[in-house]
Each structure stands twice: as C-alpha cells, then as structure tokens.
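Participant: next input, structure requested:
(one chain, ligands or ions: 2)
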Amino acid sequence: SVKLIIDDKSVEVPKGTTLLDAAKELGITVPALCHMDLSGIGFHSSNASCRLCVVEVEGRRNLAPGCTTLATHGMVVKTRTPRVLNARRINLELLLSDHPKDCLSCSKAGSCELQNLAETFGIREISYPGEMSSHAKDTSSPSIVRDPDKCVMCRRCENICREVQGVGVLTAVNRGFESVVVTAFDRDLDTTTCTYCGQCVAVCPTGALSEKDETNEVIRALADPFKTVVVQVAPAVRTALGESFGMKPGTLVTGKLAAALRRLEFDYVFDTDFAADLTIMEEASELLDRLTRHLGGDTDVKLPIVTSCCPAWVNHLEKRYPDLLDYPSTARSPMQMFGSIAKNYLAEKISVHRKDMVVVSIMPCVAKKAECARVEFSEDGNPDVDITLTTRELASLIKRFNIDFESLEDEDFDAPLGESTGAAVIFGTTGGVIEAAARTAYEFHTGETLEQVDFDALRGFDGIRSATVDFAGIDIKIGIAHGLDNARVLMEEIRKGTCEFHAIEVMACPGGCIGGGGQPFHHGKEEIIRARQEATYTEDANKVIRKSHENPHIKKLYEEYLGKPLGEKPHRLLHTHYFN
Ligand code: HC0
Ligand code: SF4
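Facilitator: Ligands and ions are numbered 1, 2, ... in the order given. Coordinates of the predicted model:
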C-alpha cells in the first residue's frame, strides 16, 4: 500500500489506486464528467478527457487529472486550491461554450450532470462565446434519441457499448472542435447493430442520449373516452421509482405505484409480474421438454435453452448469433405475454374490441419500446402492447398530474392480471428469471415440493455465474450472464460445442432490469443498483406464494382458457420466433 496526504489528511490506499479513489476514501468528492466507476458490476470509464478532476500535486508543475494519476508514497495532493478551482471552472466554461443552451427544454433537464456542475461552480455567464458545432439529431430508433450537439466527449457511452455490451456502435470521431461520438459513418441508429439496451443513455451525463418520450401518447389515450386503457408494470420498476421522488434507493414502492396509476386514471391497473409467472409456466415446461428429449437420446434437441425475455438480448442474438436462433426459448417476454392475454382473454371477458383497448407498459428499459413495435406482436396492425414508457417517463407523468407520490396510501393491483408470486418479482434482477424457472421446473420434474426456494448460488453480481441444481438425481447446470459481452463468452461455447449448461439466463443490462436503461439515473453510484437488488429479494421473501405454478390466477387461466403449457393456444398466443 501507499501513504499520501490529500487536503492535509493522511490516507493509506492499495498500490494502483487513483487520486480520485484515494480522495473518495477520505470523503472528498472530486468532480468528473468522463469518469464513472461501476467496477462491482463490470463497468469503469476514465478517459481523462473532461479535465474537471484536476488536482495539484506538490512538486509537479502541471495540474494532474485525478482519475488517471496513481497515488504514490509520500504524495501531497490538494483538491481545492484557487488554482485547481479556477482550472476546473475554465474547463467547464470551455465545455459550455460549445454546448446548446436549451436547458429549459432539454430531455435531461433536472438530471443533467453538466448543468449540476455549472450550478456548483457558480457559472453565470459563458466567457467564450463563438462558433457552435452542429450535428443532426437522430430520431430513427423506436427507443433512443441521439442529439450529438449535446455530447461533451466524455465517452462513457462509447466505453459501455464496446466494453460491457461488446456491441461497439458508438465511437469518437474527428479532433478538436469537431470531435464527437457518433455511429460508424454517422448512420442512423436503426441501421446499425444497436440493441437498444439503453446503457449508453443510462451513463450519458447530458441530453446527448435519451429515450424516445411517449408520455404525451399516454396522456391522449387516458383522455379518450372511447378507449379502455390497461397498464402493466415491470418487476424492476417498483424497486427504483421512489428514487425519482427523493426516496432512498432500495425503497419498495409497489403499493404507491398501484395507487399512482389509479390516480392517473388507467381503467385497469395490472402487473407484468402476473405475466412473468405465465412465462415461467411456458419456459420451465420448454426446458423440461428439451431435457427429457435430450435424456431420451434425441440428438437434434437444442440445449442449453437460453432465456429470451430481455429484448436487447433478443436484438443482439438475432444480429450477432443468427446461427444459434434455435437455442433461445420461444416463450414471449412477460410484457408481450401480458399484451397478448390483455388483448385476447381480457378483451373478450370485458367485451371490448382490441382496437378500443390501449395497453401501456411501464418498463425499466428502453428496448421494450422497440419490442412492442415488432410486427409479430400485433394482429391486423393492432399491437398487443401499444405504448411503453420507462420508469423515468412514469415519474414525469406522476409529477405532471400533480400527484403527491410520497403521501399515497398503498393499494393493490387489480385482479386477475395483477396477482403474482415471489418468483415473478425476482425477474427484475440478474439470475432471477432462471431461479424462478428452476423453482417451477424442479417441482414439475420431480413431483416433489421444493422446500428451499432460495437458490443462493444463482445470485450476485459477477458477470458470469454458474451453478448446479439437483433435480432428484439429475444435475441441472445453469449459466448466467449479464452484460452482452459476458453473454458472448457463453454463446461462443455453444458455437464450439463445448457448452455444458442445460439452461442459460442472459440479461443485457448490468445487474439485470434493476440496472435498466430506463431507470432513474444512478449517476455512477453502484450502491443504488445493489440496493435495488436487495429490495427485489426482500419483496420475493415477503410474498406468501413464491412459485409461479402456484399462482391461483395462473392456474385458473390455464383451466379456463389456455389449456396446457406448450399447447395449441399457448403456442399461438404466448410463443414467438426469431429472425435474422
Ligand atoms: Fe424486465 Fe421482464 S424482468 S425484461 O428484466 O423477463 O424490462 O423489470 O418487465 O417482459 O417480467 C424489463 C424488468 C420486465 C419482461 C418481466 C422479463
Ligand atoms: Fe450501444 Fe446499447 Fe447504446 Fe445501442 S443502446 S448504442 S447497443 S449501449
């Protein structure tokens, strides 16, 4: 370790620690725009490009960037001298001089890191007015809007897209004044291999990347007297929405969420968790079907089965692994199963034509906006899910409707599409879908009661995890990856024929949906994502029923309407296919 002094305080840190991290040990925050540290979930970005983290190091002539300068023994560092503060202010003003000034109407207003820094540094005028760079806005994608004029060249998006997702759609081009992060040949996003995972949006400090805002479409639908408007909420939303109202990360707001949706005057307030239970019924049955055939000597059967409920993962699979499209489960995602059940079963039950029903999804995800627009999830041009909003967009709607979120009394979701189990809740975190599937597949396969429903071996934040589950004498090998580049490792094993897993779960976003691109901004605070995961497991543990196949409303839906899992009706309404 090395010992050094920062702002007159002594600190000892391991060799290789940056000055920024050493200062953090002392509780000293050094501002930064390009730096973001989420190492615990596999992401770290420091390009030393924003130069806002400069510090004075005794004996050095130039100021040093705190994010890339390593602490050495005996160093004396100062983080808030007039020279340091002045340099940071000048660097900030230079960034602002070539930044649009439409803060009032910017998509990032209120959460912009650049705006916050300008406020912190007391900037009241821009000292360097002059030429502004100009790039076209890209609205081609159903999920993401790119506004390169707002790019500050921090390159977090480029790093997360290349290093964590292994996609590499975004890249810095040009030099000096002309430098900007764009797609290859500056092509529209919808013509690239972008998966719409939205992780670039999640880490962008400014309004250069944001989700496509569809709040006004929902307001219009809610005001239309001829429409029955049905809403569903994804598992991970309840673990994070409170943050948008100043609540502590990890605060579960399930009851307030249902209440707020009712205040928004949705006609039916339902839960995607219900459909997550439904997904497990189909996916666990599919796993067992493939497994039984495999054990029976069928060499054509494709194992491992790969989860397919994450839409960014599906986009990536189709583009990157067109030769492996027989491996993903054909079960639709919970969101799309919900849409299908709403526009078929529910519509019939309440005698509403599907064209007069609007299904709105609230998701922690931006890729879900593109998923609901896929043609295979529509009938005669009418989509099963009409509009998808992110958690952030829902927060904005609640504020616009003047609802005092914090003081809302807890309410329940409506029945029957609002009832769910603990298994559905954990869909929201990495490892949760496969744990939920294991709970049901175990009981379906063995006919015995699973006493210990917590599969601790499947939990955690390691990018790639594996575990073996004993299904009454048969060892079921399970693999988990979150972050698309981690998924690559497992997919390449399948390609080479060396993969030993029977089932694999992939979620595109680090942490799973709790870390989704549509969640309230974490601003690089890893503890926020960890708190959301804890909340997820707490909600599961608090549920009376924790196995999907024990959900009474799911049982009834099969008895009354669907028949058997993997049967004709489920095949038509709940399964899908993949394209390359
Ligand atoms: Fe997820 Fe989902 S769990 S993808 O992570 O499977 O977005 O929260 O809604 O559909 O249920 C996101 C979250 C969902 C779906 C569910 C799955
Ligand atoms: Fe890359 Fe995901 Fe952003 Fe697309 S949405 S550019 S894949 S990080």
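Participant: which residue of this structure sits farthest from its center?
Facilitator: Centroid-distance maximum for the chain: G59 at 45.0 Å, with CA atoms, centre = their mean.
Participant: list the contacts of the residue nearest the centre of the chain.
Facilitator: By CA atoms, centre = their mean, the chain has its centre lying nearest to G516, at 1.1 Å. By CB atoms under 8 Å, 6 or more residues apart in numbering, the residues touching G516 are G198, A202, A236, M363, P364, C365, V366, T391, C509. Every C-beta, even on glycine, is put in place using the N, C-alpha and C of the backbone.
Participant: just give the number of residues close to the fourth one.
Facilitator: A count of neighbours around M363, defined by other CB atoms under 10 Å, yields 32.
Participant: ok, it - contacts?
Facilitator: By CB under 8 Å, 6+ apart, M363 lies in contact with A234, V237, T272, M335, T388, L389, T390, T391, C513, G516, G518.
Participant: what about G518, distance to R238?
Facilitator: 14 Å (CB to CB, to the nearest Å).
Participant: sec struct for the residue in the stretch 251-400 of the chain that ligand 1 sits nearest to, please.
Facilitator: Shortest the stretch 251-400 of the chain-to-ligand 1 distance, computed as CB to the nearest ligand atom: residue-wise this is C309, at 2.7 Å. Three-state assignment for C309 (DSSP: H, G, I helix; E, B strand; the rest coil): coil.
Participant: and it, what's its pLDDT?
Facilitator: C309 carries a pLDDT score of 97 in this model.
Participant: pLDDT wise, what is S179 at?
Facilitator: For S179, pLDDT reads 84.
Participant: contacting residues for it?
Facilitator: By CB under 8 Å, 6+ apart, the residues touching S179 are M153, A172, V173.
Participant: show me what contacts the closest residue to S420 other than its chain neighbours?
Facilitator: Nearest residue to S420, sequence neighbours excluded (CB to CB, 6 or more residues apart in numbering): D273, at 3.3 Å. Residues in contact with D273 (CB under 8 Å, 6+ apart) are P235, P334, S420, T421, A424, V425, F427.
Participant: residues contacting the third one?
Facilitator: Applying CB under 8 Å, 6+ apart, we find S420 in contact with D271, D273, F274, A276, D277, K543, N551.
Participant: the last one now?
Facilitator: Residues in contact with F427 (CB under 8 Å, 6+ apart) are P235, A236, D273, A276, C309, P334, V433, A436, C513.
Participant: out of those, which comes closest to ligand 2?
Facilitator: C513 (14.5 Å).
Participant: pLDDT score for the closest one?
Facilitator: 98.
Participant: repeat that for L573.
Facilitator: Reading off the confidence values, L573 has pLDDT 98.
Participant: number of nearby residues for it?
Facilitator: Neighbours of L573 under the rule other CB under 10 Å: 20.
Participant: equivalent analysis for G524, please.
Facilitator: G524: 19 surrounding residues under other CB under 10 Å.
Participant: same thing with F274?
Facilitator: Residues within reach of F274, counting by other CB under 10 Å, total 27.
Participant: how about the contacts made by it?
Facilitator: Q232, F338, F413, P416, L417, G418, E419, S420, A424, N551, H553, I554.
Participant: hang on, the earlier thing: how about the contacts of G516 in CSV, adding secondary structure, pLDDT and distance to ligand 2?
Facilitator: What follows is these, written out as CSV (DSSP: H, G, I helix; E, B strand; the rest coil; pLDDT from 0 to 100; distance: CB to the nearest ligand atom, whole Å):
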residue, secondary structure, pLDDT, distance to ligand 2
G198, coil, 98, 5
A202, helix, 98, 8
A236, helix, 98, 17
M363, strand, 98, 14
P364, coil, 98, 14
C365, coil, 98, 11
V366, coil, 98, 7
T391, helix, 98, 16
C509, coil, 97, 9
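Participant: buried members of these into PyMOL, please.
Facilitator: Buried subset of the contacts of G516, written as a PyMOL selection, criterion 16 or more other CB atoms under 10 Å:
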select buried, resi 198+202+236+363+364+365+366+391+509
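Participant: can you show me the strands along the stretch 151-300 of the chain?
Facilitator: For the stretch 151-300 of the chain, applying DSSP state E, counting those that start in this stretch gives strands covering 170-173, 180-183, 209-211, 228-233, 268-271.
Participant: select, out of those strands, the one closest to D300.
Facilitator: strand 228-233 (36.5 Å; CB to CB).
Participant: what residues does that closest one touch?
Facilitator: 221-222, 257, 261, 264-272, 274-275, 335, 338-339, 342, 346, 350, 352, 356-362, 417.
Participant: now intersect those with the helices, please.
Facilitator: Those of these mapping onto helices are A221, L222, L257, L261, T272, F274, A275, M335, F338, G339, per DSSP state H.
Participant: burial measure for the second one, as a count.
Facilitator: Same thing as L222. If you count neighbours by other CB under 10 Å, L222 ends up with 18.
Participant: how close does it sit to L389?
Facilitator: 12 Å.
Participant: what about stretch 503-513 and ligand 1, any contact?
Facilitator: Yes. Part of stretch 503-513 sits near ligand 1 under the criterion CB under 6 Å from any ligand atom, namely G512, C513.
Participant: mind checking the end-to-end distance for that stretch?
Facilitator: Terminal residues of stretch 503-513 are spaced 19 Å apart (CA to CA, to the nearest Å).
Participant: ok so, going back, is it true that the residue of the stretch 251-400 of the chain closest to ligand 1 touches T330?
Facilitator: No. At 11.6 Å, C309 and T330 do not qualify as touching, with contact defined as CB atoms under 8 Å.
Participant: more neighbours: these two, which one.
Facilitator: Ranked by neighbour count (other CB under 10 Å), C309 and T330 place C309 first, with 26 against 17.
Participant: what's the pLDDT at the closest residue to that one other than its chain neighbours?
Facilitator: Once flanking residues are discounted, C309 sits nearest to S333: 4.0 Å by CB to CB, 6+ apart. As predicted, S333 sits at a pLDDT of 98.
Participant: S333: neighbour count?
Facilitator: Applying other CB under 10 Å, we find 30 residues neighbouring S333.
Participant: circling back: relative to C112, which of the contacts of F274 is nearest.
Facilitator: Checking these one by one against C112 (CB to CB), the nearest turns out to be Q232, at 30.3 Å.
Participant: quick check: beta-bridge partners of the closest one?
Facilitator: Q232 has the following beta-bridge partners by DSSP bridges: F270, S361.
Participant: quick check: the gap between it and A541.
Facilitator: Distance of Q232 to A541, computed by CB to CB: 23 Å.
Participant: got the residues of the stretch 151-300 of the chain near ligand 1?
Facilitator: A234, P235, A236, T272, A276.
Participant: and the furthest pair within those residues?
Facilitator: Across those (CB to CB), the longest gap, 10.9 Å, separates A236 and A276.
Participant: report the separation between the spatially closest residue to A423 that is not a sequence neighbour and I6.
Facilitator: Nearest residue to A423, sequence neighbours excluded (CB to CB, 6+ apart): A436, at 3.7 Å. Relative to I6, A436 is positioned 47 Å away (criterion: CB to CB).
Participant: among those two, which residue is more densely surrounded?
Facilitator: A436 (31 against 24).
Participant: pretty sure the more buried one sits against L287.
Facilitator: No. Counting by CB under 8 Å, A436 stays clear of L287, with 11.7 Å between them.
Participant: quick one: mean pLDDT over stretch 28-40.
Facilitator: Per-residue pLDDT over stretch 28-40 has a mean of 93.
Participant: first to last residue in it, what's the distance?
Facilitator: When the termini of stretch 28-40 are compared using CA to CA, they are 21 Å apart.
Participant: which residues are in contact with the closest residue to ligand 1 within the stretch 1-150 of the chain?
Facilitator: Across the stretch 1-150 of the chain, the shortest distance to ligand 1 (CB to the nearest ligand atom) belongs to S143, at 11.8 Å. S143 makes contact with Y196, G198, E211, K212, V366, A367, K369, A370, according to CB under 8 Å, 6+ apart.
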